[in-house]
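A.B. asks: Okay, predicted coordinates and the sequence, questions at the end:
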Amino acid sequence: MTDLELTVHAALEAGKLLKAHFGKEAVVDETTHHDIKLALDKESQTLIEGILLGARPGDALYGEEGLAGDPDSDRQWIVDPIDGTVNYYYGIPHFCVSIALRVAGEVVVGVIHDPIVGETWTVEKGGVPMLDGRPISVSKRTKLEECALFVGCGKDEEALRTGLERFRRASLRARKMRMMGSAALGMAYIASGRLDGYIESRISLWDIAAGKLLVEAAGGTVELEPSPDCPDAWAIVATNGKIPIGEIL
């Protein structure tokens, strides 16, 4: 089984787990003002870990729910077992499984799976990005007035303030604005031409690793700025590469 085939298999199996429990009462492990952690987050990551490291025992796994495998390996699986946990908890059918493979510091495989809609995005470094086996590309829109933009607001006070101000400015220019609750799906939608841009002042590696490769392979651009006080977190601007996103930053 190739790395891509293995990644797809792990994402689909996790998706089956999430779909089977969707709409049922979920066990909450942890709550904060702006976030929720479910027992199912850990269960999903454990399932993915078993599949990936079972097939590649010398690899490392870096997930939202912790680390596993060989920490010295140059092959690292980057996993978000439920991207959109709050949506999931509230019964909103907009969430996904996101898995990327990073080799020697470079992401070479990315898979994003939406178990409710039943869509799966796949990409390999240097290859053609796919949605359910069909090639995809970013939109051709060039004017903000024609675009649909996705703005994330983060979870701390500064990120919220920045995100809301960007949302206000962008709302004056863009055709439509969205706050959707899943960064990975937002980037998959950009790669598919459904959305035109995504901005967030603080986002974690596991949320965007697969999506970054997908967007760039589909003809878009992704700019990351490291967070000065939070390792493996970035400010992100992802677009179709054609719109003047700097006008609203």
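C.D. replies: Cool, got the structure. Residues are numbered from 1 along each chain as shown.

A.B. asks: Report pLDDT for the residue most central in space within the chain.
C.D. replies: With distances taken as CA atoms, centre = their mean, Ala184 lies nearest the centre of the chain, 2.0 Å away. Listed pLDDT for Ala184 reads 97.

A.B. asks: What strand or helix carries it?
C.D. replies: Per DSSP states H and E, Ala184 falls inside helix 183-191.

A.B. asks: Distance from that helix to the middle of the chain?
C.D. replies: Offset of helix 183-191 from its chain centre (CA atoms, centre = their mean, to the nearest Å): 7 Å.

A.B. asks: Could you list every helix and strand in contact with that helix?
C.D. replies: Secondary structure elements in contact with helix 183-191, counted by 3 or more CB pairs under 8 Å, 6 or more residues apart in numbering; DSSP states H and E, are strand 75-83, strand 96-103, strand 106-114, strand 119-124, strand 148-151, strand 197-204, helix 205-217, strand 233-239. (Each C-beta comes from the backbone N, C-alpha and C, glycine too.)

A.B. asks: what are the bridge partners for the closest residue in space to Val8 that isn't next to it in sequence, then?
C.D. replies: Using CB to CB, 6 or more residues apart in numbering and skipping the chain neighbours, the partner closest in space to Val8 is Val111 (5.5 Å). With DSSP bridges applied, the residues forming beta bridges to Val111 are Ile99, Thr122.

A.B. asks: Val111 and Gly69, how far apart?
C.D. replies: Using CB to CB, to the nearest Å, Val111 is found at 18 Å from Gly69.

A.B. asks: Could you check which of the two has the larger neighbour count?
C.D. replies: Neighbour tally, Val111 and Gly69, criterion other CB atoms under 10 Å: the higher count belongs to Val111, 30 against 19.

A.B. asks: what's near enough to touch the more buried one?
C.D. replies: Val111 makes contacts with 4, 7-8, 11, 97-100, 120-123, 210, as judged by CB atoms under 8 Å, 6 or more residues apart in numbering.

A.B. asks: counting residues per helix, which one in the protein is longest?
C.D. replies: The longest helix of the chain (DSSP state H) is helix 3-21.

A.B. asks: Tell me the buried residues in that helix?
C.D. replies: 3-4, 6-15, 17-18, 21 (16 or more other CB atoms under 10 Å).

A.B. asks: Where in this structure is the helix or strand with the lowest mean pLDDT?
C.D. replies: The helix or strand of the chain with the poorest confidence is strand 28-32; it has a mean of 59 (mean pLDDT, DSSP states H and E).

A.B. asks: about what we covered before: columns distance to Gly246 on top of the helices and strands packed on helix 183-191, output as TSV?
C.D. replies: Formatted as TSV, those follow (distance: least, CB to CB, whole Å):
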stretch	distance to Gly246
strand 75-83	27
strand 96-103	27
strand 106-114	25
strand 119-124	26
strand 148-151	13
strand 197-204	11
helix 205-217	17
strand 233-239	9
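
A.B. asks: how many neighbours does the residue lying closest to Arg102 once chain neighbours are set aside have?
C.D. replies: Spatially, and ignoring its direct neighbours in sequence, Arg102 is nearest to Gln76 (4.7 Å; CB to CB, 6+ apart). Gln76: 22 surrounding residues under other CB under 10 Å.

A.B. asks: ok, Gln76 - contacts?
C.D. replies: Neighbouring residues of Gln76 by CB under 8 Å, 6+ apart: 59-62, 101-103.

A.B. asks: again, but for Ala14
C.D. replies: 44, 47-48, 81, 97, 113, 115.

A.B. asks: Out of those residues, who's the most crowded?
C.D. replies: Val97 (30 neighbours).

A.B. asks: Confirm for me that that residue is in contact with Gly84.
C.D. replies: No. With contact defined as CB atoms under 8 Å, Val97 does not reach Gly84; the gap is 9.9 Å.
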